[in-house]
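S.K.: Okay, here's the prediction I keep looking at, along with the sequence it came from:
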Amino acid sequence: EAQVTQNPRYLITVTGKKLTVTCSQNMNHEYMSWYRQDPGLGLRQIYYSMNVEVTDKGDVPEGYKVSRKEKRNFPLILESPSPNQTSLYFCASSWDGNQPQHFGDGTRLSIL
Amino acid sequence: AQSVSQHNHHVILSEAASLELGCNYSYGGTVNLFWYVQYPGQHLQLLLKYFSGDPLVKGIKGFEAEFIKSKFSFNLRKPSVQWSDTAEYFCAVNAAGSARQLTFGSGTQLTVLP
């Protein structure tokens, strides 16, 4: 089954404690992306990747890092999380940036 | 950079009513346009997309959208809504050809009363 898998689904942690949210897709897609969803703001793109080792900033990259060492994986790293990063995060993938994206089930992060 | 506006934040309709959700974008070049739906507690799913050609596009579950280039609009319509259409609807746009960033609107929450 074609899917985008995110882990964990829920996480409560404290300010400053590094965390990684994993994202994996099994569709051999080249394009992957991370979004955060906040009430009243919709989804905002954090980072995207056109292919392995090719990443670029979206609209709200501050406080986040990503890497794309393999085609299937695109982890989101919060080196020093802060409360304003409390949000619902979605990973997505597609063949390229023009195509509709397949979304994961989301990761709800709470930073205390 | 592109931007997207969805002016209706919350729409409440009775079953069988007709639906139209507004979406306007700002970008000077050619765009790809999308409508996604997010049912409660679920991830986003594609409803329909417009790349080129016929400006009236049909999607899943009876939804359709019309691209009006002169108005920079891509409104979503459905002639008769059902209770199961209760969800949040997002319009999204990216620049065709050099599609990198996908920009979403702030979303419209649709509540359909039985």
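M.R.: Arrived safely, thanks for sending.
S.K.: most centrally placed residue in chain A?
M.R.: Geometric centre of chain A, nearest residue: residue A:34, 3.1 Å, by Cα atoms, centre = their mean.
S.K.: What helix or strand is that one located in?
M.R.: strand A:31-38 (DSSP states H and E).
S.K.: pLDDT (mean, whole number) over that strand?
M.R.: If you average the pLDDT over strand A:31-38, you get 94.
S.K.: just stretch A:105-112 next, same as before
M.R.: 96.
S.K.: can you give me how far it is from the chain middle?
M.R.: 11 Å (Cα atoms, centre = their mean, to the nearest Å).
S.K.: buried sites along it?
M.R.: If you call a residue buried by 16 or more other Cβ atoms under 10 Å in any protein chain shown, then stretch A:105-112 has these buried ones: A:106-107, A:109, A:111. For glycine as for every other residue, the C-beta is placed from the backbone atoms N, C-alpha and C.
S.K.: would you turn the residues you listed into a markdown table with secondary structure and distance to chain B?
M.R.: Output for those, formatted as a markdown table (DSSP: H, G, I helix; E, B strand; the rest coil; distance: Cβ to the nearest Cβ, whole Å):
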| residue | secondary structure | distance to chain B |
| --- | --- | --- |
| A:106 | coil | 6 |
| A:107 | strand | 11 |
| A:109 | strand | 16 |
| A:111 | strand | 22 |
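S.K.: out of those, who's nearest residue A:47?
M.R.: Sorting those by how near they are to residue A:47, with Cβ to Cβ, puts residue A:107 at the top with 14.7 Å.
S.K.: Show me what the strand ranked longest in chain A is packed up against.
M.R.: Identified as the longest strand of chain A according to DSSP state E is strand A:42-51. Identification of packing neighbours for strand A:42-51 by 3 or more Cβ pairs under 8 Å, 6 or more residues apart in numbering or on different chains; DSSP states H and E yields strand A:31-38, strand A:54-57, strand A:65-66, strand B:87-95, strand B:103-104.
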